[in-house]
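Colleague: Just to be clear, the model below is a prediction. Sequence and coordinates:
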Amino acid sequence: MTTTVDFDQVEVGTQLPSRDYRLQRVDLIRYAGASGDFNVIHWSDRVARDVGLPGVIAHGMLTMAVAARTVTEWVGDPGAVTEYSTRFTRPVEVPDDDEGASIEVTGVVSDKLDGRRVRVDLTASVRGEKVLGAARLVVQLA
Amino acid sequence: MPLDEAFVGRVFPAREPYLVSREKIREFADAIGDPNPAYRSVEAAAALGYPDIVAPPTFVVVLSRAATEVIIFDPDLGLDYASVVHGDQAFVLSRPVLAGYVLVATPSVEKIRTAAGNDLLSLAVHIVTDRGEEVAIVRSTLVARSTRQVPA
């Protein structure tokens, strides 16, 4: 465990650098292949609309993984994450165009815990609307 | 169609042990667009103190999702997978996952309930190494949406 963030230098309210991540259709295809989740709503507009969605949506797990980068890039060591949970409050529609969807992620230290651990709360928004709810991680710091 | 509540509390058999490979970690890191060298280079992982390439925090979903297929595709459960969206997800990670680990994932059904006309299926997957060391508990809730249009 070799994090670049020292527990003693962090306070409740410390902001993590915010990030923007763009997802396009090809990213959904790639994630489907790597994760094994081939749910049709992640690649077929026809089926997505048939089940009442606006169109193809990103895997919730892809959004969750992308959002975690805000923390792993801050802390320097991806193995420092010991807990990570979220609700998926709004589907991330990824249109079949050159823009795709842009996910804006912010993070803040919300609590200091025993054992030099901190809790980080994330927000993830697409076009100003939150797509993750109560997204929280526990991170082991140096 | 409501889900079969007889599934609640059932623990299902684990798949065969899963060998975590460097190539799969790299593929997963590529798929989440994360350029972190510790997902690709033994030297970069060693600089963080790991004896081999380390996996991203959500990597174990590769195992946990596959482990739940025995549940979600069981016709007796009555889940229409195309109508499913992801409600929530939680990982408790006891140790970082490294290339070379052999992992065993055991799935179970924790809860089935109905909310706003949707069926909610809460699953848990317990992941240990082949030596019985704790690795992760992965929980997820799948929401079978009731808005699926039935062709006339």
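Modeller: Yep, it's here. From a predicted model like this one, the values you see are computed outputs, not experimental measurements.

Colleague: contacts and neighbour counts: CA atoms only from here.
Modeller: Fine.

Colleague: next one: stretch B:94-103 to chain centre, how far?
Modeller: 14 Å (C-alpha atoms, centre = their mean, to the nearest Å).

Colleague: again, but for stretch B:129-148
Modeller: Computed by C-alpha atoms, centre = their mean, the chain-centroid distance of stretch B:129-148 equals 5 Å.

Colleague: next one: stretch B:115-126
Modeller: 14 Å.

Colleague: what do you get for stretch B:110-127?
Modeller: Between the centre of stretch B:110-127 and the centre of its host chain there is 14 Å, according to C-alpha atoms, centre = their mean.

Colleague: in that stretch, what's buried?
Modeller: Of all the residues in stretch B:110-127, those buried under the rule 16 or more other C-alpha atoms under 10 Å in any protein chain shown are B:110-112, B:118-127.

Colleague: Would you mind confirming that A:Ala58 is in contact with A:Asp96?
Modeller: No. Applying C-alpha atoms under 8 Å, one finds A:Ala58 not in contact with A:Asp96, separated by 11.8 Å.

Colleague: between these two, which one's more packed in?
Modeller: Between A:Ala58 and A:Asp96, counting by other C-alpha atoms under 10 Å in any protein chain shown, A:Ala58 is the more crowded of the two (25 against 15).

Colleague: What backbone torsions are found at that one?
Modeller: Main-chain dihedrals, A:Ala58, degrees, to the nearest 10: phi -70, psi 150.

Colleague: And A:Gly13, by the same measure?
Modeller: Note on A:Gly13: its backbone torsions stand at phi 100, psi -10 [degrees, to the nearest 10].

Colleague: How about it, nearest residue that isn't a chain neighbour?
Modeller: Spatial nearest neighbour of A:Gly13, chain neighbours left out: A:Val109 (5.3 Å); criterion: C-alpha to C-alpha, 6 or more residues apart in numbering or on different chains.

Colleague: helix, strand or coil for A:Pro91?
Modeller: Using DSSP: H, G, I helix; E, B strand; the rest coil, the structure places A:Pro91 in coil.

Colleague: list the contacts for it?
Modeller: Going by C-alpha atoms under 8 Å, 6 or more residues apart in numbering or on different chains, A:Pro91 touches A:Ile57, A:Ala58, A:Gly60, A:Val131.

Colleague: Quick one: those residues as a markdown table, columns for distance to B:Arg65 too.
Modeller: Below are the contacts of A:Pro91 laid out as a markdown table (distance: C-alpha to C-alpha, whole Å):
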| residue | distance to B:Arg65 |
| --- | --- |
| A:Ile57 | 18 |
| A:Ala58 | 16 |
| A:Gly60 | 13 |
| A:Val131 | 21 |
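
Colleague: between those residues, which is closest to chain B?
Modeller: Nearest to chain B among these, counting by C-alpha to the nearest C-alpha, is A:Gly60 at 6.2 Å.

Colleague: and the gap between the nearest residue in space to that closest one that is not next to it in sequence and A:Leu137?
Modeller: The spatially closest residue to A:Gly60, leaving aside those adjacent along the chain, is B:His86, at 6.2 Å (C-alpha to C-alpha, 6+ apart). According to C-alpha to C-alpha, to the nearest Å, B:His86 stands 19 Å off from A:Leu137.

Colleague: can you check A:Val71 too?
Modeller: Applying C-alpha to C-alpha to A:Val71 and A:Leu137 gives a distance of 8 Å.

Colleague: Between these two, which contacts overlap?
Modeller: Taking C-alpha under 8 Å, 6+ apart as the contact rule, A:Val71 and A:Leu137 both touch A:Val120.

Colleague: now the strands for chain A?
Modeller: Secondary structure of chain A by DSSP state E: the strands cover A:15-23, A:81-88, A:101-113, A:117-126, A:129-130, A:132-140.

Colleague: Output those in CSV, with mean pLDDT appended to each entry.
Modeller: Shown next, in CSV, are the strands of chain A (pLDDT from 0 to 100):
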stretch, mean pLDDT
strand A:15-23, 97
strand A:81-88, 98
strand A:101-113, 98
strand A:117-126, 98
strand A:129-130, 97
strand A:132-140, 97
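
Colleague: Low-confidence stretches in chain B?
Modeller: Filtered on pLDDT under 70, chain B yields the residue ranges B:1, B:147-152.

Colleague: max-length helix in it?
Modeller: Looking across chain B with DSSP state H, the single longest helix is helix B:61-72.
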